[in-house]
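Enquirer: here is the input, now give the coordinates:
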Amino acid sequence: QVQLVESGGGLVQAGGSLRLSCAASGSIVIVNINDMGWYRQAPGKQRELVAVITRGGSTNYADSVKGRFTISRDNAKNTVYLQMNSLKAEDTAVYYCKANVATVVGGLFNARDYWGQGTQVTVSS
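Expert: Alright, predicted model coming up:
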């Protein structure tokens with residue numbers, strides 16, 4: 001139906017930068033995408049919100065990443081980005097994107113959350 005494909009993770013030294021991307025696509029009609037966000041999960045910890053952006057561009061960040069990370073989106077490409085600067089060892093985690101996607105299937109409107117498969121970000125100290 002709808003797939004979210006993430007890219008851009010990897011290994012970086014502390015103080016470095018990475019840019020994550022997440023593109024939504026599907027075999028069904030996507031009417032629009034509402035909120036898009038990035039979450040992360042470190043080993044032994046619960047998944048937590050990193051940043052979220054509305055369709056109109058309003059943003060919200062976790063306190064731990066404010067001033068270092070920037071979320072943005074390209075509605076024409078159904079893509080959300082996460083620019084991560086001044087990375088710290090504690091940013092090491094699997095990063096997941098989530099999107100609330102509105103679709104039409106068989107003439108029926110539906111809106112639900114979809115998750116990407118996750119991309120590993122490792123910051124060495």
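Enquirer: residues in contact with stretch 113-125?
Expert: 2-14, 16, 18, 20, 22, 24, 40-41, 84, 87-101 (CB atoms under 8 Å, 6 or more residues apart in numbering). C-beta here means a position set from N, CA and C on the backbone, and glycine is covered the same way.
Enquirer: tell me the contacts of F69?
Expert: 50-51, 61, 82-85.
Enquirer: please disregard the earlier target; I meant S21.
Expert: Neighbour list for S21: 6-8, 79-81 [criterion: CB under 8 Å, 6+ apart].
Enquirer: quick one: buried ones out of the contacts of F69?
Expert: Buried residues within the contacts of F69, counting neighbours by 16 or more other CB atoms under 10 Å: 50-51, 61, 82, 84.
Enquirer: farthest-apart pair in the residues you listed, please.
Expert: The most widely separated members of these are Y61 and M84, with 11.5 Å between them, by CB to CB.
Enquirer: where along the protein do the strands fall?
Expert: Remark: strands assigned in the chain by DSSP state E are 2-7, 10-13, 18-26, 29-41, 48-53, 59-61, 69-74, 79-84, 93-105, 108-115, 119-124.
Enquirer: find the one among these with the highest mean neighbour count.
Expert: Mean neighbour count (mean count of other CB atoms under 10 Å) peaks for strand 79-84 among these, with a mean of 22.
Enquirer: sheet partners, orientation included, of that one?
Expert: Sheet partners assigned to strand 79-84 using DSSP bridges are listed as strand 18-26 (antiparallel), strand 69-74 (antiparallel).
Enquirer: export these to CSV and tack on mean pLDDT?
Expert: Conversion of these to CSV gives the following (pLDDT from 0 to 100):
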stretch, mean pLDDT
strand 18-26, 95
strand 69-74, 98
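Enquirer: who wins for proximity to Q46 among the ones you listed?
Expert: The closest of the strands paired with strand 79-84 to Q46 is strand 69-74. By CB to CB, the value is 19.0 Å.
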